[in-house]
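Colleague: Here is a sequence together with a model predicted from it:
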Amino acid sequence: MLDHVSVQCDDLAASRAFYERLLAPLGVTVAMDYGDALGLAGPDGFPRFWLGKAQGGVQREIHVAFVAPDRAAVDKVFEAAQELGTEILHEPREWPEYHPGYYGVFVRDPDGNNVEAVTHS
């Protein structure tokens, strides 16, 4: 449904390193780099997730969920999060309260946002 999402980062370099490593199991890479803004793309090559330098003000937590092709990819995102030393909000598991087959992991990014990798298999 969404075309793209952009989040503001206190430390763009730290956020880039975090997201490049965390989302590598999902085939996500930096597709566009404007110096103060980065567009990350999945296998389709279209930059749908953007990181930008903070513009001031107080940042509020956001939640963003990335599509994983299967449970193995969700588990690999979890492994990447552990290697990054980030806060794990919820380890990978099925969430039947959402719907049968909803399998996801939830972690914090460097700016305190809630980041999820999920498959609906």
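Modeller: Everything's here; your move.

Colleague: Residue ranges in the protein under the pLDDT threshold?
Modeller: Residue ranges of the chain with pLDDT under 70: 1.

Colleague: any idea where the strands of it begin and end?
Modeller: 5-9, 29-33, 37-41, 47-53, 63-67, 88-94, 103-108, 114-119 (DSSP state E).

Colleague: With distance to Arg21 and mean neighbour count as new columns, can those strands be given to me in CSV?
Modeller: C-beta: built from backbone N, CA, C; applies to glycine. As requested, the strands of the chain are arranged in CSV below (distance: least, C-beta to C-beta, whole Å; neighbours: other C-beta atoms under 10 Å):
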stretch, distance to Arg21, mean neighbour count
strand 5-9, 15, 17
strand 29-33, 11, 14
strand 37-41, 12, 19
strand 47-53, 14, 18
strand 63-67, 13, 14
strand 88-94, 15, 14
strand 103-108, 12, 21
strand 114-119, 12, 20
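
Colleague: So which of the ones you listed is nearest Asp75?
Modeller: strand 88-94 (5.5 Å; C-beta to C-beta).

Colleague: and the closest one with strand 114-119, angle?
Modeller: 10 degrees (axes from the mean of the first three to the mean of the last three C-alpha atoms, to 10 degrees).

Colleague: In the protein, which helix is the longest?
Modeller: Assignment by DSSP state H gives helix 71-84 as the longest helix of the chain.

Colleague: Just the CA coordinates for it, please, in PDB.
Modeller: The C-alpha trace of helix 71-84 is given here as PDB (Å, rounded to 0.1, in the frame of the first residue of the first chain):
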ATOM      1  CA  ARG A  71      10.700 -17.700   8.500                       C
ATOM      2  CA  ALA A  72      14.300 -18.400   7.800                       C
ATOM      3  CA  ALA A  73      14.800 -14.800   6.700                       C
ATOM      4  CA  VAL A  74      13.100 -13.500   9.800                       C
ATOM      5  CA  ASP A  75      15.500 -15.700  11.900                       C
ATOM      6  CA  LYS A  76      18.500 -14.300   9.900                       C
ATOM      7  CA  VAL A  77      17.300 -10.700  10.700                       C
ATOM      8  CA  PHE A  78      17.200 -11.800  14.400                       C
ATOM      9  CA  GLU A  79      20.800 -13.100  14.100                       C
ATOM     10  CA  ALA A  80      21.900  -9.800  12.500                       C
ATOM     11  CA  ALA A  81      20.300  -7.800  15.300                       C
ATOM     12  CA  GLN A  82      22.100  -9.900  17.900                       C
ATOM     13  CA  GLU A  83      25.400  -9.400  16.100                       C
ATOM     14  CA  LEU A  84      24.700  -5.600  16.000                       C
END
